[in-house]
Every structure is written in structure tokens, then in C-alpha cells.
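Engineer: fold the stuff below for me.
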Amino acid sequence: MEKTPEPRSGVSYVMPIFNEISYVEAAVKSILAQDYDGPVELVLALAPSNDGTDEVVRRLAAEDARITVVDNPGMHIPIGLNRAIAVARHPIVIRVDAHTQLEPDYTERGVAELDRTGAANLGGIMVATGRSGFQAAVARAYNSRLGLGGASYHAGHAEPGPAESAYLGIMRASAVREIGGFDESLRRGEDWEMNFRLRRAGHLVWLDPALRVTYWPRDTWNKLARQFLSTGIWRGELTRRLGAKNPLRFFAPPVLVVNLVVALVVALLQVTGVLSGTVGWVASLVYLGPLAYVGALVVAAITARGSLLDRLRYVVVLATMHLCWGTGFILGSVRGGGDSVDTSRVDT
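Structural biologist: Predicted coordinates for the structure are as follows:
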């Protein structure tokens, strides 16, 4: 007699949403089309949007009984995630974002790997993709080591194994609830911080590079700059809280910003004659950092593919990411996150 197969674990997808009119429907459809034969639900934490997103979400929920909508009036991602997880009915919670699309086998493979490894949280690779000239340049920067510093979930060559964090995350609901969920005092970096607490509590966080998620980054310079400034501020806040627990790569952009500011001050003092002679020559060593950085950008432009305009966009995107993130990091380290929020989705 054939053995009856074990029932599959139920999965609750949770998605915070705010001003995502251009992306939310495709994201929802990629979730509901997953090749997974266990029970599933999708909980959408809806912040009050002004671009028509609310209407699209309500329509999608009316069309599919698997969709539940919870309100997130404060609009902050960690609060929305906790509200969604609070009503999630299944033992496995999968975080998804409106700017992402899942491969059809994402859930099937992710749940299997979660069971195989015994991890509390598991993530894969973010594959940034762009629709326009500028967004394509941002995607290229996301996917390069020079752009985001080589985090494992941005690296296509990464090996499976324990990780410091998990992109999005296929999580055991019990483990997330055990540590108190996401920290609602944060406005960015909430996923890294939660994974830090999972690891500190003795849980395993795992990277499976075979799991790939399409991510649509910001599509204008203004949105990108605001996003990275906010992200840097909250990374600075996390550094205030956790100190040396942050990876060393996080300190490269703020060091660059400080070096640039010092170089500008030295240049001004040299031009006005305040610094001269031997002292002036020694002070000129401060230019080595900015020159090396400009050289790296030139090499990036030369080795990149595409038209001259594509290469120029790529360099502008790289510099914007580094300088905005570094400036934000310094601000966050000095004064904390405060009431800083990511406003990059306020304008449609």
C-alpha cells in the first residue's frame, strides 16, 4: 500500500505596501501563482497611499479569498510586517515586497531548504532588474560588488551556508514571534536587525543562492538619493545600538564622505595660502582617497557595457549610492535615526 504523503506546511506571505501602483499587481500575481501544493494565504499590510494603490489592493482582495488586508496607518515597514504576522495563520511566513517578483518554484524550494537545514530564516539572491535607462543603471549597480559592497544576497556567485541576514526571508513564524518580531522603532534595516537577534538567540540564518527574486529598484535620481540617505541614517542608528557587530563594509562609504570633506577643506586652505610649504605638501596626501575613488568610477565606466550615456548613468548611480548612504550613516551615527523616514515612494 502506498504511503500517504505528509501534508505540506502552510505558508503565509506578508507584504507591506505603500504607493506601489506600478508594481503591486504583478507582485501579488507572482505570489499567488507559486508552484506549491500546501495551503497559502497572502496578508497585505496596506499603508494609506495617494497613487491608487489602495483601490488596486482592495480589488485584488475581493477577487481572491486567499488575500487578507490589514491596515498600516503609520506607514512604517516593521509595524506593517508585525501586523501582518500577527494575523498569519500558518507556521511558515514568507516576506515579500511590492517591488519584487518570485520565481514559480521559490516557495517549493525555500520550504524544502528550510526543513532540510533547520534554519529559522532563509533567503536567496536579489536580482535587480531595470525597465528604463536610469532604473537599468541602478539595477546594474545593485548587482555589482562596487555598488552595494558585496553582501552575500547580492552576489550571484555566493555559496549556500550560514549568513548574517536573509533577503526578504522564508521564516519560521514561531522563531520570529519568540524574539518579538521586527523592531518597530526602526524605519530601515529592520530585516538585518531581526536576523541579528535570531542569530543571537541561537537560531540559524541560511543563504540559498538558488533562490532568486526579481527586484525593481528606484527609477529616478531623486528617489534613489532619498532612499539611500534614509538607509544610511538607519544603518548609522544600528551602529549606535550594536557597535562593532556591523560588517566592516558598512564603514567604507562614511569614510569616503569624510575623506572628501577633509580634501575640500585642505584644498580651500591651500588656495588661500593658509597651508603651504612642507605642511601643505603633507596635507596633499588627503587627496589620495578621492583620486582612488574617481579612478574606480572611471574603471567601472570603461568596463561597463552599453552606450556612453548608459555608462555615465552607471557612474552617477554608483556615486549617488555611496555618497548618500555615507552621509546618512554619519548623520545616523551622530544623532540617531530620530524621525527620519524613507520618502522615496511618496512621489509617484
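Engineer: tell me the buried residues in stretch 131-141?
Structural biologist: 134-141 (16 or more other C-beta atoms under 10 Å). (Each C-beta comes from the backbone N, C-alpha and C, glycine too.)
Engineer: in helices, which of those appear?
Structural biologist: With helices taken from DSSP state H, the overlap with the buried residues of stretch 131-141 comprises 134-141.
Engineer: wait, which of those residues is closest to Ala88?
Structural biologist: Among these, Ala139 lies closest to Ala88 (C-beta to C-beta), at 30.9 Å.
Engineer: okay but the closest one is in contact with Thr129, surely?
Structural biologist: Yes: at 5.3 Å, Ala139 counts as touching Thr129 under the criterion of C-beta atoms under 8 Å.
Engineer: which neighbours do the two share?
Structural biologist: Tyr215 (C-beta atoms under 8 Å, 6 or more residues apart in numbering).
Engineer: after the longest strand seen in the chain comes which helix or strand?
Structural biologist: Ranked by residue count, the top strand of the chain under DSSP state E comes out as strand 205-215. As assigned by DSSP states H and E, the chain's next helix or strand after strand 205-215 is helix 221-242.
Engineer: quick one, that following helix and helix 133-142 angle?
Structural biologist: Following axes from the mean of the first three to the mean of the last three C-alpha atoms, to 10 degrees, one obtains 30 degrees for the angle between helix 221-242 and helix 133-142.
Engineer: quick check: buried residues in helix 221-242?
Structural biologist: When burial is assessed from 16+ other C-beta under 10 Å, helix 221-242 yields the following buried residues: 223-239, 241.
Engineer: list the helices and strands the longest strand of the chain packs on?
Structural biologist: Applying 3 or more C-beta pairs under 8 Å, 6 or more residues apart in numbering; DSSP states H and E, one finds that strand 205-215 contacts strand 100-102, helix 106-117, strand 121-128, strand 161-162, helix 190-200.
Engineer: try 6 Å
Structural biologist: strand 100-102, helix 106-117, strand 121-128, helix 190-200 (3 or more C-beta pairs under 6 Å, 6 or more residues apart in numbering; DSSP states H and E).
Engineer: among these, show me which one is buried the most.
Structural biologist: Among those, the stretch with the highest mean neighbour count (mean count of other C-beta atoms under 10 Å) is strand 121-128, at a mean of 24.
Engineer: ok, back up a step: closest one to Pro39 out of the buried residues of stretch 131-141, please.
Structural biologist: Nearest to Pro39 among the buried residues of stretch 131-141: Ala139, at 34.4 Å, using C-beta to C-beta.
Engineer: that older thread, strands paired with the longest strand of the chain, and their directions?
Structural biologist: strand 100-102 (antiparallel), strand 121-128 (parallel), strand 161-162 (antiparallel) (DSSP bridges).
Engineer: how far off centre is it?
Structural biologist: Averaged C-alpha coordinates place strand 205-215 at 13 Å from its chain's average position (C-alpha atoms, centre = their mean, to the nearest Å).
Engineer: then stretch 292-302?
Structural biologist: For stretch 292-302 - counting by C-alpha atoms, centre = their mean - the centre lies 25 Å from the chain centre.
Engineer: pull out the buried residues from it.
Structural biologist: Across stretch 292-302, burial judged by 16+ other C-beta under 10 Å covers 293, 297, 300-301.
Engineer: can you list the buried residues in stretch 19-33?
Structural biologist: 19-28, 30-31.
Engineer: one more: stretch 316-324?
Structural biologist: Those would be 316-318, 320-324, for stretch 316-324 by 16+ other C-beta under 10 Å.
Engineer: reformat these as CSV; add distance to Leu207, secondary structure and pLDDT.
Structural biologist: Listed next are those as CSV, based on distance: C-beta to C-beta, whole Å; DSSP: H, G, I helix; E, B strand; the rest coil; pLDDT from 0 to 100:
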residue, distance to Leu207, secondary structure, pLDDT
Val316, 31, helix, 97
Val317, 25, helix, 97
Leu318, 25, helix, 97
Thr320, 28, helix, 97
Met321, 22, helix, 97
His322, 24, helix, 97
Leu323, 29, helix, 97
Cys324, 27, helix, 97
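Engineer: closest to Val341 out of those?
Structural biologist: For the buried residues of stretch 316-324, with Val341 as the reference and C-beta to C-beta as the criterion, the closest is Cys324, at 14.9 Å.
Engineer: list the contacts of the closest one.
Structural biologist: Listed by C-beta atoms under 6 Å, 6 or more residues apart in numbering, the contact set of Cys324 reads 225, 228-229.
Engineer: how does it look with 10 Å?
Structural biologist: 224-233, 253, 257 (C-beta atoms under 10 Å, 6 or more residues apart in numbering).
Engineer: helices and strands of this protein: which one bottoms out on pLDDT?
Structural biologist: helix 145-148 (a mean of 83; mean pLDDT, DSSP states H and E).
Engineer: and for that helix, what are the contacting residues?
Structural biologist: Identification of contacts with helix 145-148 by C-beta under 10 Å, 6+ apart yields 126, 128, 138-142, 151, 154-155, 157, 249, 296-297, 299-300, 314, 317-318, 321-322, 325.
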